[in-house]
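Participant: with the input below, show me the fold.
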Amino acid sequence: MLGVFHLALGRKNAHIVPKEHRDTMTRFAKTLYAWGVAVTAGVVLAACATGGVRIGNVYHVAPYSQNLVQYTAAPGEVAVDIHGEAFIDQLPKDAEEIARRLRLPAWVQAARFTTRPSEVARGRQRLVLAFNATAQGPIGYGLCLDPGAVEYAAPGRRTKLEAAFCSGDRLVANAVAETAPLSGPDDPLLTALTAQLIANLLPLRAYQPNPACSDGSC
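Facilitator: The predicted structure follows:
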């Protein structure tokens, strides 16, 4: 089962946590901030499941911001690279079929995802999707650096999808989800899976404010 990595820090009415645990989490959070990592707020030990889709391991790294996402969508299209097999007997053309079904969150200006972006769109941030990667933990950094080096399994009893929002070879946001097997690009479960994953990957604001954005602009 995919877990969700969360911290209860600086949030009014947060989950009640023993003081010794809060102290430990605070020290760990400071270490994460030293790495420039912004993680989700609240303590949740199990993945969130909605409509048969389980979301886990969502985190954002500076310089994630709503302005960066809007800048990416400004050309009217967003580059997406799709790796791995989403379903049995997947064809090369299915990558663009999957891309056509991807949707940005409602707060972002309208733009389509495509595996064949214009030069302008390719020069901006991109989305990388990995279906059924064999790695046990998040691989967002690897997806931005070299997704071809990641190992993938054939579709099985569960479908795992990991998404990375990349700026060049630098990771900006990462999220993982899983659901039941997919039958093809027209499967409604694929739409539900990608919609929930992208909504968590690209929220209006990073779940825990980036210290560099103390004015709330991020």
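Participant: my read: residue 133 touches residue 164, true?
Facilitator: No. Because the distance of 10.9 Å does not satisfy CB atoms under 8 Å, residue 133 is recorded as not touching residue 164. For glycine as for every other residue, the C-beta is placed from the backbone atoms N, C-alpha and C.
Participant: quick check: neighbours shared by those two?
Facilitator: Taking CB atoms under 8 Å, 6 or more residues apart in numbering as the contact criterion, the common neighbours of residue 133 and residue 164 are residue 139.
Participant: and the two? Which one has more around it.
Facilitator: The neighbour comparison of residue 133 against residue 164 (other CB atoms under 10 Å) goes to residue 164, with 26 against 21.
Participant: residues touching stretch 141-156, excluding its own?
Facilitator: For stretch 141-156, the external contacting residues (CB under 8 Å, 6+ apart) are 81, 83-88, 90, 128, 130-135, 139, 162, 164, 166-171, 174, 181-182.
Participant: let's see that with 10 Å instead.
Facilitator: Identification of contacts with stretch 141-156 by CB atoms under 10 Å, 6 or more residues apart in numbering yields 61, 81-90, 126-135, 139, 160, 162-172, 174, 181-183.
Participant: got the contact list for residue 132?
Facilitator: By CB under 10 Å, 6+ apart, the residues touching residue 132 are 83-87, 151-156, 158-162, 178.
Participant: go with 8 Å
Facilitator: So, once contact is read as CB under 8 Å, 6+ apart, residue 132 ends up touching 84-86, 152-156, 159-161.
Participant: now those: which count as buried?
Facilitator: Applying 16 or more other CB atoms under 10 Å to these, the neighbour count classes 84-86, 152, 155, 159-161 as buried.
Participant: out of those, the closest to residue 67 would be?
Facilitator: Nearest to residue 67 among the buried ones among the contacts of residue 132: residue 161, at 26.4 Å, using CB to CB.
Participant: in this protein, which helix or strand is least confident?
Facilitator: Each helix and strand of the chain was given a mean pLDDT (mean pLDDT, DSSP states H and E); the minimum falls on strand 6-7 at a mean of 30.
Participant: buried members of the contacts of stretch 141-156 into ChimeraX, please.
Facilitator: The ChimeraX selection below is limited to those of the contacts of stretch 141-156 classed as buried (16+ other CB under 10 Å):
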select :61,81,82,83,84,85,86,87,90,126,127,128,129,130,131,132,133,139,160,162,163,164,165,166,167,171,172,174,182
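Participant: how many neighbours does the nearest residue to residue 72 once chain neighbours are set aside have?
Facilitator: If the residues on either side of it in the chain are set aside, residue 72 comes closest to residue 125, at 4.2 Å by CB to CB, 6 or more residues apart in numbering. By the criterion of other CB under 10 Å, residue 125 has 20 neighbours.
Participant: show me what contacts residue 125?
Facilitator: Residue 125 makes contacts with 68-69, 71-72, 78, 165-167, 172, as judged by CB under 8 Å, 6+ apart.
Participant: farthest pair within the contacts of residue 132?
Facilitator: Greatest spacing in the contacts of residue 132, by CB to CB: 154 and 161 (14.7 Å).
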